[in-house]
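> Sequence and predicted structure below; questions after.
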2 protein chains.
Amino acid sequence: MTPQRVSLITLGVADLDRSRDFYGALGWKPVPTPPTVVFYQLDGMVLGLFGLEALAEDQGRPGVALKTGALTLAQNFADRDAVDAAFKAAVDVGAEPLKKPTEVFWGGYSGQYADPDGHVWELAHNPFWDIDPDGRITIPDVD
Amino acid sequence: MTPQRVSLITLGVADLDRSRDFYGALGWKPVPTPPTVVFYQLDGMVLGLFGLEALAEDQGRPGVALKTGALTLAQNFADRDAVDAAFKAAVDVGAEPLKKPTEVFWGGYSGQYADPDGHVWELAHNPFWDIDPDGRITIPDVD
């Protein structure tokens, strides 16, 4: 069965610098990343900031203007087979497939579907992030 | 500082029965709740389903038609003073206040603000849910 889990929340933002400043002003400390994305290590999960256009493309619908509240809820898995199985399970029960699981530019493997209201779920294997047996994910320290 | 944490994700849905069926078909098991809401216990956090109109009202903007992706990201706190302090901290750095922290109908205490892109955060004290020192929340067993 699909685990009862959220691993990563990605907020689509109009201005990454403005959003980084906002969360920074709340006291949040990002982990080191490329300049196109911001990640915060939470307790066993991660919250990310990503440009609205880049997020739409990542969700498998390039060019779509995302509305306020645009989000991806992600579940991370230990391997690609688990991603495939979870994607199939979701589509089998009526999820709208947006992007079939595939190798993605950042070196992982990911698929995207929409639930009945259009809430987007990403199912991903990320070889660069640690995932413990309970599914809690951790971004490794970068020197 | 505001803790780097997400405690509860609430998805606004057009048809609660349809959404409960969808997540149930994925194998998710809800905890006992009143019929107007559905909650899933995650690992140290909770995901909820709530009607779109009820969610808009809960966010402090009754009558607003929420778009796809409508979500509330919640942070739970051990007491009301902590809610007040976090709400003030957010507004002080530019958050749009949607609903000042106040006693709410379900017996808790909650305020809502929007981040620069309109993503809605709820800051809440819920006397009926356990919160551990790390901020992980647990819905107590109901007999």
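Great, that's in hand.

> For chain A, just list every one of the strands.
A:8-13, A:37-41, A:46-51, A:71-77, A:96-103, A:109-114, A:120-125, A:130-131, A:137-138 (DSSP state E).

> Reformat these into a markdown table and put mean pLDDT and distance to chain B next to each item.
For the C-beta atoms, the positions are set from N, CA and C on the backbone; glycine is no exception. Below are these laid out as a markdown table (pLDDT from 0 to 100; distance: least, CB to the nearest CB, whole Å):
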| stretch | mean pLDDT | distance to chain B |
| --- | --- | --- |
| strand A:8-13 | 79 | 5 |
| strand A:37-41 | 85 | 6 |
| strand A:46-51 | 82 | 6 |
| strand A:71-77 | 76 | 5 |
| strand A:96-103 | 88 | 11 |
| strand A:109-114 | 86 | 8 |
| strand A:120-125 | 83 | 7 |
| strand A:130-131 | 81 | 12 |
| strand A:137-138 | 74 | 11 |
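
> Switch those over to CSV; also include mean neighbour count.
Rendered in CSV, the data for the strands of chain A read as follows (neighbours: other CB atoms under 10 Å in any protein chain shown):
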stretch, mean neighbour count
strand A:8-13, 24
strand A:37-41, 19
strand A:46-51, 21
strand A:71-77, 23
strand A:96-103, 16
strand A:109-114, 22
strand A:120-125, 25
strand A:130-131, 14
strand A:137-138, 18
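
> Residue B:96: which of those is closest?
strand A:8-13 (14.7 Å; CB to CB).

> which helix of chain A spans the most residues?
Ordering each helix of chain A by length in residues (DSSP state H) puts helix A:80-92 first.

> What residues sit buried inside that one?
Within helix A:80-92, the residues that qualify as buried are A:80, A:82, A:83, A:84, A:85, A:86, A:87, A:89, A:90, counting by 16 or more other CB atoms under 10 Å in any protein chain shown.

> what's the angle between that helix and strand A:120-125?
Comparing the axes of helix A:80-92 and strand A:120-125 via axes from the mean of the first three to the mean of the last three CA atoms, to 10 degrees yields an angle of 160 degrees.

> so the most centrally placed residue in chain A bridges to which residues?
The residue lying closest to the centre of chain A (CA atoms, centre = their mean) is residue A:74, at 4.4 Å. Counting by DSSP bridges, residue A:74 forms beta bridges with residue A:8, residue A:122.

> check contacts around it.
By CB atoms under 8 Å, 6 or more residues apart in numbering or on different chains, the contact list for residue A:74 reads A:6, A:7, A:8, A:9, A:10, A:121, A:122, A:123, A:124.

> Switch the buried residues of helix A:80-92 over to JSON lines; also include distance to residue B:105.
Converted to JSON lines, the buried residues of helix A:80-92 look like this (distance: CB to CB, whole Å):
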{"residue": "A:80", "distance to residue B:105": "46"}
{"residue": "A:82", "distance to residue B:105": "41"}
{"residue": "A:83", "distance to residue B:105": "41"}
{"residue": "A:84", "distance to residue B:105": "44"}
{"residue": "A:85", "distance to residue B:105": "41"}
{"residue": "A:86", "distance to residue B:105": "36"}
{"residue": "A:87", "distance to residue B:105": "39"}
{"residue": "A:89", "distance to residue B:105": "36"}
{"residue": "A:90", "distance to residue B:105": "34"}
